[in-house]
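**Q** Give the three-dimensional model of this entry:
(2 chains)
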Amino acid sequence: MLTVDRREFLTAAAMAAATAAVAGKAKAVSLPVMGQGGLKWEKAPCRFCGTGCHVMVGTEAGKVVAIQGDQKAEVNRGLLCVKGYHVGLAMYGPDRLTTPMLRKNGRLEPITWDEAIDVIARRIMANPRTFAMYGSGQWTIPEGVAANKFMKGGLSNNYLDGNPRLCMASAVTGFLSTFGVDEPPGVYDDLDVCDVAIMWGNNMAEMHPVIFSRLIDRRSRGEKVMVIDLGTRRTRTTDHADEYLQFNPQSDLAIANGIAHLLLKNGTYDKRYVEKFCNFRQLDPEKPDVMQGKPMTFAEYESALAEYTPERVEQISGVPAAKIRMLGDLFGRRDLRINSLWCMGMNQHTRGTAINCLVHGIHLLSGHLGKPGDAATSLTGQPSACGTVREVGTLCHLLPGGRLIANEEHRKQAEGFWNLPEGRINPKPGYHTVLLFEKFCTPTDKGSDVQTLWVQVTNPGHSLPNLPKLFRGKKDLQDKFLIVSDVYPTATTELADLVLPSAMWVEKNGMYGNSERRTQQWFKMVDPPGQARDDCWQTIAVARRLFDLGFEGMKDKDGKFLFTFTNAKGDEVPVWDWNRYYDINVDEALFESYRPFTRMKHKDLAPYSEYVKARGLRWPVVEQPDGSWRETRWRFSEFDDPYVKKGAEMQFYHSVTKDDKALIWFRPYEAPPEVPDAEYPFWLCTGRVLEHWHTGSMTRRIPQLKRAMPESYVELNREDAVRLGVRSGDLVTITSRRAAVNLPAWIGGRGDPPKGSAFVPFFDEAMLINLVTLDAHDPFSKQPDYKKCAVSITKTV
Amino acid sequence: MTLHTRESARARWLGACWAIGVAGTAIAALAISGQESKTPPVVEGMAMPVSIHHPPARVKGPTQRTLTEPAPNVVPEAKANPAAVPDKYHARFESAQARAKLRAYEGAPPVVPHATEGLSVHACRECHGHGLRAGDKVARMASHTYLANCTQCHVEDQGLTQIGVAPTPVENLFKGLATSGYGSTRAWVGAPPVIPHTTFMRTNCVSCHGEYGYDGWRPDHLSRTNCVQCHTPGAHFEQMSPVFGDEASTAP
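**A** Down below sits the predicted model:
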């Protein structure tokens, strides 16, 4: 019996004929019918930025073949950006690292995993105190948990820091200084209801495009939302803004003070809110390096702000006094909801802590904090800078759950949770990123005590500032040993002595924590290529080798291995054996071991199984009487946060002053450490572009992204270009006190810097702008300032 | 841009420069002012300058390339006209192929086959807001005009060519989900075919199936406007209506 529809048969025949006809020509594309290999869809958070979009990953025959925006995800509601849509391609670059390699006679040569693990373990055995680890905001939460326990609990070694130090450390110190506890009170829901959104040096249209769309697409629904772009150059965000207020680099400090000045002068600050919920603070001039500062009275605060008149602020910032008044008026209105948003502009700043505090300050002063739409929210660049680094505490001075290494009580608690003998955790904090790499690049006989450095899931050879000093210095030092776990060759593996191939994203189980306190989970969907293995396994395998070699620290109080896991039957599973690693869910075991840490700072996490069901949950996630788990959107607000006592309205329950009040800081405008002069007359700002994510090690291997943005360039102002005799496409040399780099000029391109300034994206490995940038950093957050240094620009001859 | 079009563009540019140069000389000679012509000197072998040395006052605007050179890879009108396509199946295949060329996999946002840099982010709407024909080119109507940040998802196929960066091939071993192409999309003989792609953000069927749509994909019953009355989404894709907070949030 004929079962094929005749018309379909004819059509198919015609199609076959057409295929044959076209196949005769060059570059024929075959068009197989989709979904024949058993197409499966599963959820995962996107691999790239801190927005935390969920994607649906389509897999077929063991490979990722398609991506969709996850319509069930509240963050992105089915929409992605161009990076997210192409995230699946990040795993399929032709030069994936697939075998461990050891440098022998200057060349990286393949070795076995067993040898590789042994090399690391023996170096640690020989000198556990000079071993250091450098992790990442791209570490999954369990990877961070394992590394933290391994270093601080196992090796009694605090030489562990992470790249979020370069990315959002100033946001952390800003939250700590203001609220006494890290991470934003607000959420992305504020974007749905705010009347005014202020971008503080923040090109959100390119850097966090999905939630930027969540904001501006409200206009398509007939809603009004005013976007104010406070920037040092015109960007795509400017194109969507109602107001573009261009300010001189560093003068954001003066603008924030100008707003506070007007709120007081006009009497439009929220007197009731301030009296009930706020105290005032300033740095102690006698102890200027103490972040907690000292109290100040309202009168002192008022007089400190007296000089920041709109006219004075115009002088410093270049923003017209009338526009400063406009900002003052907006904050002075109680009928508007105002959402401030920032990312690297405020964080990569030698006064990063100060500007973060000041922006929180004007929101507190005007009562624009704690109601839906009224929020000051920092956005993060990495998918788990919050989840893995800030919360798990993979920094040189932290223990999990907001605990401090320097605090004896906190150390005792950590030893308790980890079942370690008392005194195991070293009380002395380690080195922050800039110092860690400075030490690593200093010869041992010149006072360095960092000899072996293990880098996981990040590319410091590209992303550190002042690379000649902080990374390239390692090159000829025989006593240094660099271990790099990564998925592709990078500027970091170039100098590595041991390279370990890692599994990435959906090639392994994982958990991330995004910018709005949302913890997310995914399962492994495909196998990693060749011999690539999970970073978490690598850490546990080295720990086990040390245990087998008799390293005392790898045992807990009862003499058991630090990473002892059991299956459902209660039998121990040797997860350090790669073949057995997925016998149990190691992620779940590590996550559950970490959960008890999260209660102290009221960052409660739900059981692992809750995250399996959800598209992420925002902490504190609190168990309800019926056994369900409820997430919290607005922290410190009575109407939503279960930890706020009834009738309090707002309660900053981790307050620095222990009275449930937040701190409004005064911090003065201070000039940046390096300003343009006769020899180096231009400002240089560095940053990102839509298509490339950070150092481009993944996105530069994705055809659609690389082709859209093949290489780096320098954006010049037209007037400067005319004066220099430079046309678009001409090669120019950018020289700073550190180094020089050649780049093609782009005039009237993606962004438009004002006269006397230039912008260079940092993604391009072939044109490393971080050879040029400055390593000056914020005194509290230790975060470097990549946004401003002085350079000269000449046409390359 | 292929070498061919690049060469011809350069030839056109040099020709224009020559013409302006001649005119300039003539004017200068007539005026006997002794003032130098502002035309940049033409040097043999000079790369085609894209930005104009004496820039216009506005911040954003069309680039030289946008003005002088039609967008490559855009389907010419002749091919978009069904009457001109006697072999519908062949056309359907070619359309699928042309469409696939601009996408990493079925469901990926297409890359933009023409220059976008130097234009305002709102410029996309000028042509893609309603769809239009310009010369022999067709700009398809966006199927999700409620989204404002077009360049968030759609990037240039060959970026930076404006400043002389040559397109480089990028190798990647990813094999994307094939374009829907032709499959058994009917439940029985004579049943209306199911939609072989996602419908989220593709609610405007006429973008691809209407007047400015693809060859071979225009139905013979365009007068009927309620497409989804008969054509339902296929099951290959994970498709659901967005319901926020059903699992993720128990907030009031």
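**Q** hang on, A:Glu109 in a strand?
**A** Yes - using DSSP: H, G, I helix; E, B strand; the rest coil, the assignment for A:Glu109 is a strand.
**Q** Can you give me the domain boundaries for chain B?
**A** B:1-49, B:59-167+B:179-240 (automatic domain parsing).
**Q** looking at those domains, which has the lowest confidence?
**A** Among the domains of chain B, domain B:1-49 carries the lowest mean pLDDT, at a mean of 42.
**Q** Can you pull out the low-pLDDT segments for chain A?
**A** For chain A, applying pLDDT under 70 flags the ranges A:1-37.
**Q** how about a cut-off of 80?
**A** Of all residues in chain A, those with pLDDT under 80 make up the ranges A:1-38.
**Q** Quickly list the domain ranges of it.
**A** Annotated domains of chain A cover A:1-31, A:101-167+A:384-584, A:182-379, A:682-795 [automatic domain parsing].
**Q** could I get those as TSV with distance to A:Gln71 and mean neighbour count?
**A** For every residue, glycine as well, the C-beta is placed using N, CA and C. Output for the domains of chain A, formatted as TSV (distance: least, CB to CB, whole Å; neighbours: other CB atoms under 10 Å in any protein chain shown):
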stretch	distance to A:Gln71	mean neighbour count
domain A:1-31	27	12
domain A:101-167+A:384-584	16	21
domain A:182-379	13	21
domain A:682-795	23	22
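**Q** how about CSV for these, with distance to chain B added?
**A** Output for these, formatted as CSV (distance: least, CB to the nearest CB, whole Å):
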stretch, distance to chain B
domain A:1-31, 3
domain A:101-167+A:384-584, 9
domain A:182-379, 4
domain A:682-795, 4
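**Q** Helices along the stretch 101-250 of chain B, start to end?
**A** Ranges of helices in the stretch 101-250 of chain B, per DSSP state H, counting those that start in this stretch, are B:124-128, B:206-209.
**Q** Please apply the same query to the stretch 601-750 of chain A.
**A** A:608-613, A:703-708, A:718-724.
**Q** near chain B, anything from the first one?
**A** If I follow you right, that is helix A:608-613. Yes - counting by CB under 8 Å from any CB of the partner chain, chain B is contacted by helix A:608-613 at A:Lys613.
**Q** Report how many residues lie close to B:Tyr146.
**A** 11 (other CB atoms under 10 Å in any protein chain shown).
**Q** Leaving out the residues flanking it, which one is nearest to it?
**A** Using CB to CB, 6 or more residues apart in numbering or on different chains and skipping the chain neighbours, the partner closest in space to B:Tyr146 is A:Ser220 (4.2 Å).
**Q** Ok, A:Ile405 next?
**A** Excluding the flanking residues, the one nearest A:Ile405 by CB to CB, 6+ apart is A:Pro429, at 5.0 Å.
**Q** Please name the residues that touch that neighbour.
**A** The contact partners of A:Pro429, by CB atoms under 8 Å, 6 or more residues apart in numbering or on different chains, come to A:Asn158, A:Cys396, A:His397, A:Ile405, A:Ala406.
**Q** Can you name the residue of the stretch 1-150 of chain B nearest to chain A?
**A** At 3.4 Å from chain A, B:Tyr89 is the closest residue in the stretch 1-150 of chain B, using CB to the nearest CB.
**Q** To which secondary structure element is that residue assigned?
**A** helix B:88-101 (DSSP states H and E).
**Q** Give me the buried stretch members for that helix, please.
**A** B:88-100 (16 or more other CB atoms under 10 Å in any protein chain shown).
**Q** Just put the residues you listed in JSON lines and tack on distance to A:Met504.
**A** Converted to JSON lines, those look like this (distance: CB to CB, whole Å):
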{"residue": "B:Lys88", "distance to A:Met504": "44"}
{"residue": "B:Tyr89", "distance to A:Met504": "42"}
{"residue": "B:His90", "distance to A:Met504": "42"}
{"residue": "B:Ala91", "distance to A:Met504": "41"}
{"residue": "B:Arg92", "distance to A:Met504": "38"}
{"residue": "B:Phe93", "distance to A:Met504": "36"}
{"residue": "B:Glu94", "distance to A:Met504": "37"}
{"residue": "B:Ser95", "distance to A:Met504": "36"}
{"residue": "B:Ala96", "distance to A:Met504": "32"}
{"residue": "B:Gln97", "distance to A:Met504": "32"}
{"residue": "B:Ala98", "distance to A:Met504": "33"}
{"residue": "B:Arg99", "distance to A:Met504": "30"}
{"residue": "B:Ala100", "distance to A:Met504": "27"}
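**Q** Go through those and name the one nearest A:Val542.
**A** A:Val542 lies nearest to B:Ala100 out of the buried residues of helix B:88-101, by CB to CB, at 45.7 Å.
**Q** Hmm, B:Gly107 and B:Ala178 touching each other?
**A** No - applying CB atoms under 8 Å, one finds B:Ala178 not in contact with B:Gly107, separated by 10.9 Å.
**Q** who has more neighbours, those two?
**A** More crowded of B:Ala178 and B:Gly107, by other CB under 10 Å: B:Gly107, with 26 against 22.
**Q** residues touching that one, list them.
**A** Contact analysis of B:Gly107 by CB under 8 Å, 6+ apart lists A:Ala66, A:Ile67, A:Gln68, B:Leu177, B:His197, B:Thr198, B:Phe237.
**Q** name the element A:Thr377 belongs to?
**A** Element membership for A:Thr377, per DSSP H and E: strand A:375-378.
**Q** Would you mind pulling the contact partners of that strand?
**A** Contacts of strand A:375-378 (CB under 8 Å, 6+ apart): A:168, A:171, A:174-175, A:184-187, A:190, A:194, A:339-343, A:346-347, A:356, A:359-360, A:363, A:368-369, A:515-516.
**Q** what's the spacing between it and its chain's center?
**A** 15 Å (CA atoms, centre = their mean, to the nearest Å).
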